[in-house]
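K.L.:
sequence first, predicted model second:
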Amino acid sequence: MEEEKYGFVHDSEVEEVILRFEKMRKNKETCYFDVIEFEAIIDYYLEGNNPMNAFEATSFACELHPNSVPIQIRKARVLLEKGRASEALTIARLLENIEPGNYDIYVCKGTALAMLGDITGARKVFNMALESDPEDQETILYSITSVLQNLNYYEEMIPYLHMLAKLEPDFAAHTYDLAYAYEKKGDYRKSIRYYTRYLDEEPYSDSAWYNLGIIYNKTGEYGRALEAYDYALAINPENTFALFNKANILSNLEKYREAMDVYREFVEEEPDSLEGLTYLAECYDKTGNEEMARKYYFEAIELTPDFPDPWYGLGLLSISRDKAGDSISPIKKAIQLDPNNPDYWFTLGKAYIMLGNVKQAVKCFSETLRLDGYYDEAWIETGIIMMMTGAYAGAIRILRKAKKVSGDVPGIYFLLASAFLHRGNKTEALKALNKAARLDAGLFAEYAVLLPEEQLTPAMKRLFRKTK
């Protein structure tokens with residue numbers, strides 16, 4: 001029993017000590033507590049996530065029992081809880097000279113080192129803790145794995161979890177923890193293996209099915225992800241996270257009608273979800289129901305006017321229906337709310353192109369590229385505009401810069417070929433066309449309109465025939 005480590009027999013004795021300490025604090029009295037009683041008091045506050053009271057109890061304990069190793073260990077723990085790792089490390093180093101072989105000291109020291117970023121040193125000290133007491137390996141391993149998990153050292157935690165699983169093979173939670181640690185490490189195949197093993201023992205764990213769905217989604221195994229989410233929902237229909245993720249997968253697979261059903265179910269459970277309302281509106285948009293799409297976009301806007309996504313969605317809705325004029329205002333509103341989003345600026349530029357406002361379009365594409373220099377479509381649109389306005393030299397300059405930034409993008413080479421042809425440089429034009437053909441010959445038809453047919457050489461025409 002937990003209370004026996006302090007020498008107490010009944011929970012009531014521990015409660016009596018805590019009440020006596022609380023009364024002393026409240027009445028600002030001074031009472032005597034022995035070391036064992038202070039251990040119980042400090043641990044009570046630490047386990048109750050009350051570091052301020054733990055710190056107060058520790059300070060008082062140090063005044064009464066300044067040379068007590070158990071009290072000093074708890075002082076180090078309290079300092080660790082308060083983020084004062086350097087001070088805790090100093091105490092731990094002093095204590096290990098007084099009581100070498102005390103695993104509690106090693107755990108404190110290892111924790112302090114880990115918090116200070118010395119994970120190699122921490123592992124060495126944690127291993128010393130394990131070597132110091134072969135009889136209490138489970139307790140030590142629990143302490144080590146808890147520390148490493150709290151500090152997000154998942155990769156370093158895995159060997160200790162394997163030790164625990166070997167010592168307690170019938171405790172399925174260790175398998176779950178291993179699955180989660182491998183997931184955080186990014187080793188998805190092993191994570192799947194351990195989640196599957198855990199579910200063989202605990203098939204009604206909706207959290208395990210949910211986590212498995214997340215991993216399958218990351219590995220691109222969408223069918224299995226959907227199946228895992230369905231199991232999670234069968235076990236716990238109120239798992240709205242599983243509902244939301246399932247809907248997202250269906251939407252990404254362009255199964256918009258199925259996604260709508262799930263999003264509607266999610267929104268019924270979470271009516272204040274801006275993302276749920278926005279994504280449901282997108283699905284209605286994709287299925288051609290403009291009225292319902294606008295309805296849900298406006299519901300999201302009414303809920304939180306400062307959320308940019310539904311404003312942007314309204315703009316896209318208008319653009320997709322050739323109503324570029326109606327798109328300008330909501331897209332500008334989205335940009336006002338999130339001025340550093342390159343997609344918003346690019347889409348605004350496309351709207352201006354549809355309206356024939358080339359000057360404003362160029363400004364928008366320039367802003368897109370300022371925010372994201374690797375935005376290939378913005379480079380291409382800028383190049384097309386310059387070509388259409390006859391600024392071929394400027395287009396070549398812009399497209400060469402785009403090539404350096406974005407690398408081998410076929411559209412850039414097609415545009416370069418066209419610009420070179422218009423400038424009369426057939427050698428460079430052929431080089432660019434050959435490069436474009438190697439990257440994506442299927443785009444020849446799309447860009448052919450920009451290539452002056454009268455300037456095409458026999459070699460270029462043969463290249464065109466090969467791509468048909």
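P.N.:
Happy to help now that I have it.
K.L.:
in the protein, where is pLDDT below threshold?
P.N.:
Scanning the chain with the threshold set as pLDDT under 70 gives 1-12, 467-468.
K.L.:
what is the biggest helix by length in it packed up against?
P.N.:
Longest helix of the chain, by residue count under DSSP state H: helix 11-27. Helices and strands touching helix 11-27, as assessed by 3 or more CB pairs under 8 Å, 6 or more residues apart in numbering; DSSP states H and E, comprise helix 35-47. For glycine as for every other residue, the C-beta is placed from the backbone atoms N, C-alpha and C.
K.L.:
give me the buried stretch members for the helix it packs on, please.
P.N.:
Using 16 or more other CB atoms under 10 Å as the test for burial, helix 35-47 gives Glu37, Phe38, Glu39, Ala40, Ile41, Ile42, Asp43, Tyr44, Tyr45, Leu46.
K.L.:
now stretch 400-415
P.N.:
Neighbour-count burial for stretch 400-415, counted by 16+ other CB under 10 Å, picks out Ala402, Lys403, Ser406, Val409, Pro410, Gly411, Ile412, Tyr413, Phe414, Leu415.
K.L.:
over to stretch 415-427?
P.N.:
Quick answer for stretch 415-427 (16+ other CB under 10 Å): Leu415, Leu416, Ala417, Ser418, Ala419, Phe420, Leu421, His422, Asn425, Lys426.
K.L.:
ok, stretch 233-242 next?
P.N.:
Buried residues in stretch 233-242, counted by 16+ other CB under 10 Å: Leu233, Ile235, Asn236, Asn239, Thr240, Phe241, Ala242.
K.L.:
give me the contacts around that stretch.
P.N.:
The contact list for stretch 233-242, computed with CB atoms under 8 Å, 6 or more residues apart in numbering, reads 204-206, 209-210, 213, 229, 232, 243, 246, 266, 269-270.
K.L.:
try stretch 420-439
P.N.:
Applying CB under 8 Å, 6+ apart, the set of residues contacting stretch 420-439 from outside is 387, 392-393, 396, 408-411, 413-414, 416-418, 443-444, 447, 451-452, 455-457, 459-460, 463, 466-467.
K.L.:
circling back to that earlier point, any chance of the buried residues of stretch 233-242 in TSV, with secondary structure and distance to Ser329 too?
P.N.:
Converted to TSV, the buried residues of stretch 233-242 look like this (DSSP: H, G, I helix; E, B strand; the rest coil; distance: CB to CB, whole Å):
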residue	secondary structure	distance to Ser329
Leu233	helix	40
Ile235	helix	46
Asn236	coil	43
Asn239	coil	39
Thr240	helix	33
Phe241	helix	35
Ala242	helix	37
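K.L.:
tell me how far stretch 330-338 lies from the chain's centre.
P.N.:
Stretch 330-338 sits 25 Å away from the centroid of its parent chain (CA atoms, centre = their mean, to the nearest Å).
K.L.:
repeat for stretch 287-301
P.N.:
For stretch 287-301, the distance to the chain centre is 28 Å (CA atoms, centre = their mean).
K.L.:
appreciated, that's everything.
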